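# Next comes the sequence, and after it the predicted model I'd like to discuss.
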Amino acid sequence: MARVLIEGTDIVVRLSWWEKAAARRRVVRVPASALRRVYVEPDWWRALRGERERGTCVPGRLCAGIRRHHEGQDFTLVRSGGPVLCVELHRSSPLSRLAVSVPDADGTRRELSQTDAGGGP
């Protein structure tokens, strides 16, 4: 399962081999200084916005890859049945949000919120 962590000055999404294949992306890395807000979305399907641009979507089960919408692009790796970690980013970032199903969404949210840039509830 994917993990979201801080490495140096970046927020990095670590993916397994099958998640890389589904998302059609090997590396997801954004500057930690772009972090605007971190929260947990309890309903996995509410973390999805826009339309799939690149990646894989199995309706009702999984959505992985880039989704385009009026505010920019989101990276999503969302699985049904659990909460989703959402990391909103400033406009200076190449992505506007990361939405990732992680093993411990609340714990990861607390860790990211403790960074200098991390705010939000």
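Noted; the coordinates are in hand.

# tell me the strands in the chain, going along the chain?
3-7, 10-14, 28-31, 35-41, 51-58, 62-69, 72-79, 84-89, 97-100 (DSSP state E).

# what packs against the fifth one?
What it means is strand 51-58. helix 17-23, strand 62-69 (3 or more C-beta pairs under 8 Å, 6 or more residues apart in numbering; DSSP states H and E). Quick note: C-beta positions are derived from backbone N, CA and C, even for glycine.

# Buried residues, the first one. List them.
Meaning helix 17-23. Using 16 or more other C-beta atoms under 10 Å as the test for burial, helix 17-23 gives 19, 20, 22, 23.

# Widest-spaced pair of those?
Within those, 20 and 22 form the most distant pair, 7.5 Å apart (C-beta to C-beta).

# From residue 8, how far out is residue 66?
Distance of residue 66 to residue 8, given as C-beta to C-beta, to the nearest Å: 24 Å.

# What is the helix ranked longest in the chain packed up against?
As assigned by DSSP state H, the longest helix anywhere in the chain is helix 105-113. Counting contacts by 3+ C-beta pairs under 8 Å, 6+ apart, helix 105-113 packs against strand 3-7, strand 35-41, strand 84-89.

# Sheet partners, orientation included, of the second one?
The reference is to strand 35-41. Using DSSP bridges, strand 35-41 pairs in its sheet with strand 84-89 (antiparallel).

# what angle sits between the partner strand and strand 10-14?
With axes from the mean of the first three to the mean of the last three C-alpha atoms, to 10 degrees as the basis, strand 84-89 and strand 10-14 are set at 150 degrees to each other.

# who touches strand 84-89?
4, 11, 30, 34-41, 44, 47, 78, 95-102, 105, 108-109, 112, 120 (C-beta atoms under 8 Å, 6 or more residues apart in numbering).
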